[in-house]
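A.B. asks: 3D model of this:
(2 chains)
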Amino acid sequence: GNSVTQMEGPVTLSEEAFLTINCTYTATGYPSLFWYVQYPGEGLQLLLKATKADDKGSNKGFEATYRKETTSFHLEKGSVQVSDSAVYFCALLKYGGSQGNLIFGKGTKLSVKP
Amino acid sequence: DTAVSQTPKYLVTQMGNDKSIKCEQNLGHDTMYWYKQDSKKFLKIMFSYNNKELIINETVPNRFSPKSPDKAHLNLHINSLELGDSAVYFCASSQGGARGKTQYFGPGTRLLVL
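C.D. replies: All right, here's what the predicted structure looks like:
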């Protein structure tokens, strides 16, 4: 079946540190891949996405590359800020027929200390 | 100009009650969804719906039913509420369900069943 595995949190970093959150997936076919972010007390916001192999999604200094050979979509940021503290969800879009739904990883909580 | 809105934001109720959560999107999308986020932050699809098809996650109890009066609304009705229904419920919408279609999420409804 389809599934997403992401690294367990919480992850605690100092400001300006390098961030990597690992995400691997299992899927039939060629799913689209997403990173969503959930700030404390808020809903989910799309951070970035990639729809085919070797695509790189980027936004707000975050990047992730769709690696089909390793079935991975790791999230990276070169220099984190306190405002990046949130829960990050990796997801794949499973679709068929007229509809698709997101299958999420369990989320990784990131805390950035000043 | 909120894209996807939900009401209420918070809902506290007694076991056995029947309640509804409303969702509206002003993005002109044709597909809407309900997701449940449990206490461990795990997100799981409950329903996806467009004007052609309702897809129900097989694990969702039949006490939960979506109702769509029009394309812009997908409300969630819950009968005979149980303690285990306590969670955050997110509505989302997208234009179609095919490859790469981004789902936009509402702010969530925090349901507490006492």
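A.B. asks: Quick check: longest strand in chain A by residues?
C.D. replies: Counting residues, the longest strand in chain A under DSSP state E turns out to be strand A:86-96.
A.B. asks: what residues does that strand touch?
C.D. replies: Residues from elsewhere that reach strand A:86-96 (Cβ atoms under 8 Å, 6 or more residues apart in numbering or on different chains): A:2, A:4, A:6, A:9, A:21, A:23, A:25, A:27, A:31-40, A:44, A:47, A:73, A:75, A:100-105, A:107-110, B:41, B:43, B:97-101, B:103. Where C-beta positions appear, they are placed from N, C-alpha and C, glycine not excepted.
A.B. asks: Any chance you could note which residues of chain A sit beside chain B?
C.D. replies: By the rule Cβ under 8 Å from any Cβ of the partner chain, the part of chain A lying against chain B is A:30, A:32, A:34, A:36, A:38, A:42-46, A:49, A:51, A:87, A:89, A:93, A:95, A:97-104, A:106-107, A:109.
A.B. asks: Give me the buried subset of those residues.
C.D. replies: A:32, A:34, A:36, A:38, A:43-44, A:46, A:49, A:51, A:87, A:89, A:93, A:95, A:98-104, A:106-107, A:109 (16 or more other Cβ atoms under 10 Å in any protein chain shown).
A.B. asks: I'd like to know which elements the least confident helix or strand in chain A by mean pLDDT is packed against.
C.D. replies: Within chain A, no helix or strand scores below strand A:99-104, which has a mean of 80 by mean pLDDT, DSSP states H and E. Other helices and strands packing on strand A:99-104, by 3 or more Cβ pairs under 8 Å, 6 or more residues apart in numbering or on different chains; DSSP states H and E, are strand A:3-6, strand A:86-96, strand B:31-37, strand B:43-50.
A.B. asks: Quick one: distance of that strand to the chain centre.
C.D. replies: Remark: strand A:99-104 is offset 14 Å from the chain centroid, using Cα atoms, centre = their mean, to the nearest Å.
A.B. asks: between it and strand A:86-96, how big is the angle?
C.D. replies: Here strand A:99-104 runs at an angle of 150 degrees relative to strand A:86-96 (axes from the mean of the first three to the mean of the last three Cα atoms, to 10 degrees).
A.B. asks: And for strand A:99-104, what's in contact with it?
C.D. replies: Surrounding strand A:99-104, the residues in contact under the criterion Cβ under 8 Å, 6+ apart are A:2-4, A:34, A:36, A:89-95, B:31, B:33, B:35, B:42-45, B:48-50, B:53, B:55, B:92, B:94, B:96-99, B:101, B:103.
A.B. asks: so what strands line up beside that strand?
C.D. replies: Applying DSSP bridges, strand A:99-104 is found paired with strand A:86-96 (antiparallel).
A.B. asks: Could I get the CA-only coordinates of the strand it pairs with as CSV?
C.D. replies: This file holds the C-alpha atoms of strand A:86-96, laid out as CSV (Å, rounded to 0.1, in the frame of the first residue of the first chain):
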residue,chain,number,x,y,z
ALA,A,86,6.3,24.1,13.9
VAL,A,87,5.3,20.6,13.0
TYR,A,88,6.3,19.5,9.5
PHE,A,89,4.3,16.8,7.6
CYS,A,90,5.5,14.9,4.6
ALA,A,91,2.7,13.6,2.4
LEU,A,92,2.0,11.9,-0.9
LEU,A,93,-1.0,12.3,-3.0
LYS,A,94,-2.7,9.1,-3.8
TYR,A,95,-5.1,9.6,-6.7
GLY,A,96,-7.4,7.5,-8.8
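A.B. asks: quick one: that strand to strand B:31-37, angle?
C.D. replies: Using the same axes, to 10 degrees: strand A:86-96 against strand B:31-37 is 130 degrees.
A.B. asks: Fine by me, we can end here.
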